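**Q** Sequence first, predicted coordinates after that:
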Amino acid sequence: MSRKVLMAIGAHADDIEFNAGGTLFKYLEKGYEVVYILATNNMSGSWGSLDEKGKRVYKTVPWHEIMPQRKIEAAAGAAAFGTTAIHLDHPQRHYINDDLERIDLAYGVPRPGCVSENTPTILMAHEKPAARKQLAELIVQYEPEAILTHDLFQNDMEHIGTSLLVAKTVRECKFPGMLLLWPCADETPYGNICTVGRQTYIDISDFYSKKMEAMKLHKCQLPSIDHIRFRPWEEGLDCEHVEAFAVCCEGEGGGEFSQEIREHWQRS
């Protein structure tokens, strides 16, 4: 029997706020608990700031500078939802070394100090029983009504790896609840051939501003949010803002959250 729990699983710090922040704030207010899980160790990426003219600029920094900062910001993001961040800590597919060179993790290349030998990257985690077991234990522990994560058609391969890990784990552990996939926030290179759109949605009109404020907590990636434009999932609806999802598993029963998902589900 699922509890009033929503589990959100993002590849990187800020993915959850960007794709499901409004949904989580809405149902947090309705008495739901949020489980906030990040799949990667967040060891790669540039560091953004604003210059004297207010323009966004990014600098390349080594892994041992960016990773702690992203985890600090993840902690702040999780705290906004009344919880703490859970890190699966699968290595990203590359990192920046002390010479500011990008190193792709592959057989025979040097690994950063945060990655032990033979540890699979997030791209391969779905193939490893130990990785699936780690996530399955969290699902069993928290008994979520629904799990929210990336869909498979993304611009970022680490989003895809996270989606594969979640989907395979959910199947193996016979998760009885809903599995919802959020579509890529940006246009993908796949065009209309492989595009997951708005199959269902959550109306976040009253929680959009809280979502945007939560995104600001990820300052090293989003020194400003003025440039952000979400895909217009609300078109044709009587809502100012929505977050879109595809239903991967409908699940059994459920509470108020599942009811809203089913009410808005555009079944063919």
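**A** Perfect, I can see it now.

**Q** buried stuff in the longest helix anywhere in the chain?
**A** Determined from DSSP state H, the single longest helix within the chain is helix 63-80. The neighbour-count check on helix 63-80 (16 or more other CB atoms under 10 Å) flags 63, 66-67, 69-74, 76-78, 80 as buried. Yep, even glycine has a C-beta here, placed from its N, CA and C like the rest.

**Q** quick one, what contacts residue 82?
**A** 28, 33, 34 (CB atoms under 8 Å, 6 or more residues apart in numbering).

**Q** now residue 151
**A** So residue 151 contacts 163, 181, 182, 183, 184, 196, 246 (CB under 8 Å, 6+ apart).

**Q** any idea how far residue 165 is from residue 70?
**A** Distance, residue 165 to residue 70, by CB to CB, to the nearest Å: 19 Å.

**Q** looking at this, residue 186 is in a helix?
**A** No. Remark: residue 186 does not belong to a helix; assigned using DSSP: H, G, I helix; E, B strand; the rest coil, it is coil.

**Q** That one contacts residue 155, correct?
**A** Yes. Judged on CB atoms under 8 Å, residue 186 makes contact with residue 155 at a distance of 5.7 Å.

**Q** tally of neighbours for residue 62?
**A** Around residue 62 sit 16 other residues, with neighbours defined as other CB atoms under 10 Å.

**Q** thought it was touching residue 98?
**A** Yes. With contact defined as CB under 8 Å, residue 62 counts as touching residue 98 (5.2 Å).

**Q** got the contact list for the nearest residue to residue 65 once chain neighbours are set aside?
**A** Once flanking residues are discounted, residue 65 sits nearest to residue 47: 7.2 Å by CB to CB, 6 or more residues apart in numbering. Contact analysis of residue 47 by CB under 8 Å, 6+ apart lists 58, 59, 60, 61, 65, 66, 69, 220.

**Q** Identify the residue nearest the geometric centre of the protein.
**A** Nearest to the geometric centre of the chain sits residue 10, at 2.0 Å (CA atoms, centre = their mean).

**Q** what about that residue, distance to residue 16?
**A** Taking CB to CB, one finds residue 10 at 4 Å from residue 16.

**Q** Just give me the residues shared between the contact sets of these two.
**A** Residues touching both residue 10 and residue 16 by CB under 8 Å, 6+ apart: residue 38.
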